[in-house]
Structure formats: structure tokens, C-alpha cells
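Student: Dropping a prediction and its sequence here:
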Amino acid sequence: MRSAGNIVFLFSRFLVVVMLLTTYSLNAQEQRFPRPEFESGYQQPTVVTPEPRAQMMEYFDVAVLVGFLILASWLMIKRRSRRGMMWLVVSAVAYFGFFRNGCICPIGSVQNVTLSFFDPTYAVSIVILLFFILPLIVTLFYGRTFCGGVCPLGALQDLVIVKPMSLPKWLNKTLGLIPYIFLSLAVLYAATGTDFIICRYDPFIGIFRMDGMFIMIALGISFLLLGMFIGRPYCRFLCPYGVLLSWMSRFSSKHVTITPSKCIQCKLCVKSCPFDAIDYPTKEKEVVKSGLGPKRFIIYAALIPLWIALGVYIGAKSHVFLSKGHKDVYLAELMISNPEVKDDPDNIDVQTFLKSGKTMDTLVSEAEVIRGKFYTGSMIAGGFLGLVVGMTLLNTVVFRKQEDYVPHKGNCYSCGRCMDYCPVDK
Amino acid sequence: MDKNKSTNRREFIQSGARLSLALALGGIGGLSLSKITGDDYVWQIDPFECTQCGRCATECVMSPSAVKCIHAYDLCGYCDLCGGYFKPDANQLSTAGENQLCPTAAIERKFIEEPYFEYHIIEDLCIGCAKCVAGCTSFGNGSLHLQIIHSICLNCNECSIARVCPSDAIKRVKASDAYKVKGGFSKSEES
């Protein structure tokens, strides 16, 4: 009881000041309790605000990226050294992975570039733009050497490969469509300012940081465990940036070759490739004899517009669901469908909204604008995915004359395993 | 002869596609260049918009969070009865643990002169839960507030707290302007 009286006494000292205040809002100029005049020569401490990472260091990262890209391309195209590439992989994991904590990375930069196109208030920083565009340029010349020796996510998976299995072709192709879906969603979510899903669902960043949500680290570890038997599962079946790199690499001017001179058809390289990225020589006679080639080609080509239409339809149908990823849309929907949440003191979002003074009408109209963006965006994304499905099917019946075992330029990561196994010397 | 023709055609298609991809890349690069900044972005809490919901403590990818309470001494009233330091039902105005609002005892209370006390945040102990901020904002001057400490923040491409911040108080700002500290503080004045 004594202490309670103590508080009342002390509080009365400030009570007058408190009562003078009519509003709760406070800014720097109006203080409830004025700053005292000290008599003891008290020195006010300064507020410590440690500087962010220096801009110079960001440019240093770009320099490291350029150095790694040049080195990886040189090691693969000129030097043809698998051993050198392995050292590069280890350094990439060490620098971009564990030292830089997996951030900044070209995979996520797709979203920044997209956001800068759609959000007038956001300008992409030059470092991020360079991280986005440099690997693509190098890939256009030398193939996916970025994947092979620079990307920390790829490098980490490359290091854990123990006994890779070969997957059937249809499975490879089907799972290979997931990156296109991921890329479309990532661009859609970035363009509408909803979320950066590539960064949010990066399975390895928790491992690089040695910290993070349990579920994401568990996912990362399971990807690595899976990666012991299926080479680079993230790169092959998820990576959205890999889609762009694969487009570039397909038309690269100098791609890594398995043999330095002439293929002796020993098939050793096929066994060495953990990613099923080596194409077999085509059996020209069988294809010609069956006579199915041209017929199927025409059918599949004719189906493409139908695939696109189907994609647009699915996109239009799913835009309501997809837009729920946006915070405002979600909140508006929640408050309309469950008006009783307004009385739930534990729902922080609803309570903060109610206190903010924003009206329900503004929220709803804002959410409608965002949903409108999702409507157009999902239809475009759906159409794109339809085109991808159609083209993938068409590609399965396109006949390309080929006599040797060669790397598939789109899927090859330029890791150099095959050239290590190739028995041809010069 | 026939073979030559087919390889020539293949090469022609390849170089054509290569050229168009290069042009597309150039286009994207050029378009981005029209709206580019040399300055990098960092994340910042606007202390005037923060509603002290407590998510900064739980949503940051760092554990403990890179969001810490900072004390804008300019604004502080140096009260004996500090709303940020004491629980509302404190037994006594003493540094005893049961009276403290901070769950990790990260606020240090130092006697200066009668009746004034200085409150200092021990950054290593602070978890960014904003309990003291809520106390100081409702009962005091609001000199305690949260801010992202950039020696700890990993500067994620998208801040995982910003994504769930109910009042959208966390924003991307230019790195040269990294801190917003209440009370008219600015970095130039400080140094």
C-alpha cells in the first residue's frame, strides 16, 4: 500500500502537464514533460545510429560478380577445367552465400526490375540492375556459366550431389514447367506490389544465414537431401531466373562442348551428367520411317492458340484467389466476409486499420484497384504459361538432326563434369 | 552440300535469335536506365506511423530482430515514473525486475539528479518488442521508438516485417538517409 501511495505522489507531479494535453497525437515540438534543466552538468548521450553497408562495398560485389563470371566462362570454354570450376563453386558458396548471406542475388533481382517498371515511386538501384543483366549478357555469349560457378544457390546444390539419378524425359519436361509458373507469379506479385515471392520462398537463404524460419530451413535441408540424388532440384524445377538464362543459353554463341575434338560415341558423358542435360544423337531413320513427325508438328502447332486461350481463361478465373496475397485485398475481404473481426482485439491488422481513421470505403476501393491489376496480370501470365506449354509440346516433335552427344544448351549448367569424363584428348 | 545448307540455316536462325535476345536485354536495360538511382535502398521505420504491434520482434529474419528500440534523448523528460520503464502496476519505482516493463531488462535506469533519471537501451538485449515504446508513447513524450539498426539488418530484398506491418510504417529509403530518429535529430547535428 505504501508503494501505491508513492506512485500517486510521484504521478501528481506530472498530472498537471498531462491534463493540459488535449490530444494523444504528439510531435517533436509538443512534449508532455519538458526537458529538464540539469544542474549537475549532465551530458546528454548521442543516439547511436550505425551506418548501413557502404555503397563502395555494393560496387565491390558487382566487381566480384564480373570476376566470377569471366573466370567461370574462361574455365569452361578456354581452359576446360572441371577442377577449376569446383574451386569457383566453393568460393561462390563462401562469398555470395555465407559471407554475403545470399543477398544480393540475380534471381531476386527480377522482381526489383519488374517493380521499377510498374511502381512509379520505385527506381531500381544500379547495383541490382547490374546483378540482373550481367549474368544474362554473359549467358548469351558463353552459356549458363553463371549457374555452373557463380550462383550461390546452384553452387550449394552442386556440392551435395552424391549419386544422381536419371529422371524420365516426360518427368523432366513436366517438372521443368514449374519455373515458368514461378516466374509468372513472381512477376505478377512484384508488378502489383504485393510481395517478393522469390525471396520469400528461397529455400537456401536460411542456410546461408544460419538463421531463419524453421519451415524454410527444413525446406532448404530437404532440397539439399533430395539434391544428393537428383542433381540441382531447385535450379531445374523451380528457379525462375533459370528460365531467362535458359532462353539466353539456347542461342549462346560459344557454349561449352563435351569433347575437345571429335565425339567417339562412348556415352560416358551421359552417365556423368547429373542433370539429364545431354542430348542423344537423333535416330533419323526411325523418325522418317514412322512419318509421324510432320503430322504431329502441325497438330501441336495448331493447338498453341488453344493452350493460350486456356491459360487466359484459367488466369481470369484465378485472379480473385491470387489477389488475396495482397495485404489490402486480404484485409478488405476479411472485414467484409467476417464483420465480427472488428471486435477481435487480437487481430492486429484489423485493429490497426480501425484506429488509423481510414474508412472502409477507401480500403475497398483501393483493394478493387489492386484486384483489377490482378485481373489483367493473371490473364497475361496465364496466356504466357499457355504459350509455354504449347511450345514445350511442339518442341518434343521438332526434329533436329544431330550425330553426336551434345549438351542441351538450354538445360546445361556448364559444370564441366562431362568434359572431365570425355576420354578424347585433343 | 546439303549438310552445309542445313548448318547454315541453323546458324542463321541462331544468330537471329541471339540478336533479338540481345536487343530485348538492351531494351530492358535501357528502360530501367531511364529510371535508375545510384543510391541503394535500406529499410526504415517511420516512428510516427508505428503502432507498436510487436511484430518487429517476431517477424524479422534475424533472431533477435534487427529492429531495436532507440532513445531520442532530445525528447525525453527524464521522468522518475517512466511509462516505458515501469509496468503500469509497478509496486515501487525501483529497478527491481518485477517492476520493469521490458521483458529482457534491456533498459538501464541511471540516476542523474533529483528527480531525473536517464534511460539507456542496451542494444544487445533489446528484442524490438516495442512494449516500452507503447508505454512511452501513451504516458510519456514518445522519446523511445523503434528503428532498424543497419549494422544488424541484412537489408533483405523485401523486408519480412514490412510485409506484415499493419500500419505500413516500414519503407524503403535511400541509404544516404538511413535513419529517422524522433526529435529533430539528424546525422549532421549528431557528429
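Tutor: That came through, no problem.

Student: okay, CA-based contacts and neighbour counts for the rest of this
Tutor: Fine.

Student: Need the distance between the two termini of stretch A:321-328.
Tutor: 14 Å (Cα to Cα, to the nearest Å).

Student: Oh, that last question was meant for stretch A:78-97, not what I typed.
Tutor: With Cα to Cα as the measure, stretch A:78-97 spans 27 Å from end to end.

Student: Buried ones in that stretch, by neighbour count?
Tutor: By neighbour count with 16 or more other Cα atoms under 10 Å in any protein chain shown, stretch A:78-97 contains the buried residues A:80-82, A:84-86, A:88-97.

Student: do the same with stretch A:211-219
Tutor: Applying a neighbour-count criterion of 16+ other Cα under 10 Å, one finds A:G212, A:M216, A:I217, A:L219 buried in stretch A:211-219.

Student: Which pLDDT value does the model give the residue nearest the centre of chain B?
Tutor: Centroid check for chain B by Cα atoms, centre = their mean gives B:I148 as the closest residue, at 2.7 Å. Here the pLDDT value assigned to B:I148 is 96.

Student: Quick check: nearest residue in space to it, chain neighbours excluded?
Tutor: In space, and not counting its chain neighbours, B:I148 is closest to B:V67: 4.4 Å by Cα to Cα, 6 or more residues apart in numbering or on different chains.

Student: who touches that neighbour in this structure?
Tutor: B:C56, B:A57, B:C60, B:I127, B:G128, B:L146, B:Q147, B:I148, B:I149, B:C153 (Cα atoms under 8 Å, 6 or more residues apart in numbering or on different chains).

Student: Closest to A:R296 out of those residues?
Tutor: A:R296 lies nearest to B:C60 out of the contacts of B:V67, by Cα to Cα, at 53.3 Å.

Student: Tell me which helix or strand in chain A has the weakest average pLDDT.
Tutor: helix A:2-20 (a mean of 44; mean pLDDT, DSSP states H and E).

Student: hey, C-alpha coordinates of whichever helix or strand comes after that helix in CSV?
Tutor: Next in sequence after helix A:2-20, counting helices and strands by DSSP states H and E, comes helix A:55-73. The C-alpha trace of helix A:55-73 is given here as CSV (Å, rounded to 0.1, in the frame of the first residue of the first chain):
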residue,chain,number,x,y,z
GLN,A,55,28.0,1.9,-51.2
MET,A,56,31.5,1.1,-52.2
MET,A,57,31.0,-2.5,-50.9
GLU,A,58,28.0,-2.9,-53.2
TYR,A,59,30.1,-2.0,-56.2
PHE,A,60,32.7,-4.4,-54.9
ASP,A,61,30.0,-7.1,-55.1
VAL,A,62,29.4,-6.2,-58.7
ALA,A,63,33.2,-6.5,-59.4
VAL,A,64,33.2,-9.9,-57.7
LEU,A,65,30.3,-11.0,-59.8
VAL,A,66,32.0,-9.8,-63.0
GLY,A,67,35.2,-11.5,-62.0
PHE,A,68,33.4,-14.8,-61.2
LEU,A,69,31.5,-14.7,-64.5
ILE,A,70,34.7,-14.1,-66.5
LEU,A,71,36.5,-16.8,-64.6
ALA,A,72,33.7,-19.3,-64.9
SER,A,73,33.4,-18.7,-68.7
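
Student: Which positions in helix A:55-73 come out as buried?
Tutor: A:E58, A:D61, A:V62, A:V64, A:L65, A:V66, A:F68, A:L69, A:I70, A:L71, A:A72, A:S73.

Student: same deal with stretch A:157-164?
Tutor: Of the residues in stretch A:157-164, those buried (16+ other Cα under 10 Å) are A:Q157, A:D158, A:L159, A:V160, A:I161, A:P164.

Student: can you pull out the strands in the stretch 301-426 of chain A?
Tutor: Counting by DSSP state E, counting those that start in this stretch, the stretch 301-426 of chain A has strands at residues A:406-407.

Student: Name the residues of it found near chain B, please.
Tutor: Neighbours of chain B within the stretch 301-426 of chain A, by Cα under 8 Å from any Cα of the partner chain: A:K327, A:I348, A:D349, A:T352, A:F353, A:S356.

Student: just for chain A, where's the confidence low?
Tutor: Filtered on pLDDT under 70, chain A yields the residue ranges A:1-30, A:290-292.

Student: biggest helix in chain A by residues?
Tutor: helix A:360-397 (DSSP state H).

Student: Hmm, A:A301 is touching A:L394, no?
Tutor: Yes: look at A:A301 against A:L394 with Cα atoms under 8 Å: they come within range, at 6.4 Å.

Student: And these two? Which one has more around it.
Tutor: A:L394 (19 against 15; other Cα atoms under 10 Å in any protein chain shown).

Student: how much space between that one and A:L244?
Tutor: On the measure of Cα to Cα, A:L394 and A:L244 end up 19 Å apart.

Student: counting contacts, what elements does the helix or strand hosting B:L19 pack onto?
Tutor: Element membership of B:L19, judged by DSSP H and E, is helix B:2-33. In this structure, helix B:2-33 makes packing contacts with helix A:106-118, helix A:126-142, judged by 3 or more Cα pairs under 8 Å, 6 or more residues apart in numbering or on different chains; DSSP states H and E.

Student: starting at the chain centroid, how far to the helix or strand A:P294 falls within?
Tutor: Taking DSSP H and E as the criterion, A:P294 maps to helix A:292-323. With Cα atoms, centre = their mean, to the nearest Å as the basis, helix A:292-323 stands 25 Å off its chain's centre.

Student: so where is chain B shaky, pLDDT-wise?
Tutor: Counting by pLDDT under 70, chain B shows low-confidence ranges at B:1-3, B:184-191.

Student: Domain-wise, how is it divided?
Tutor: Listed by automatic domain parsing, the domain ranges of chain B are B:1-36, B:41-184.

Student: tell me the most buried of those?
Tutor: Mean neighbour count (mean count of other Cα atoms under 10 Å in any protein chain shown) peaks for domain B:41-184 among the domains of chain B, with a mean of 20.

Student: Is it correct that B:S63 is in contact with A:D211?
Tutor: Yes: with contact defined as Cα under 8 Å, B:S63 reaches A:D211; the gap is 7.2 Å.

Student: what about the residue nearest the centre of chain A, distance to chain B?
Tutor: Nearest to the mean C-alpha position of chain A, by Cα atoms, centre = their mean, lies A:I198 at 3.1 Å. A:I198 sits 10 Å away from chain B, going by Cα to the nearest Cα, to the nearest Å.

Student: quick one: contacts for A:L268?
Tutor: A:C418, A:Y421, A:C422.
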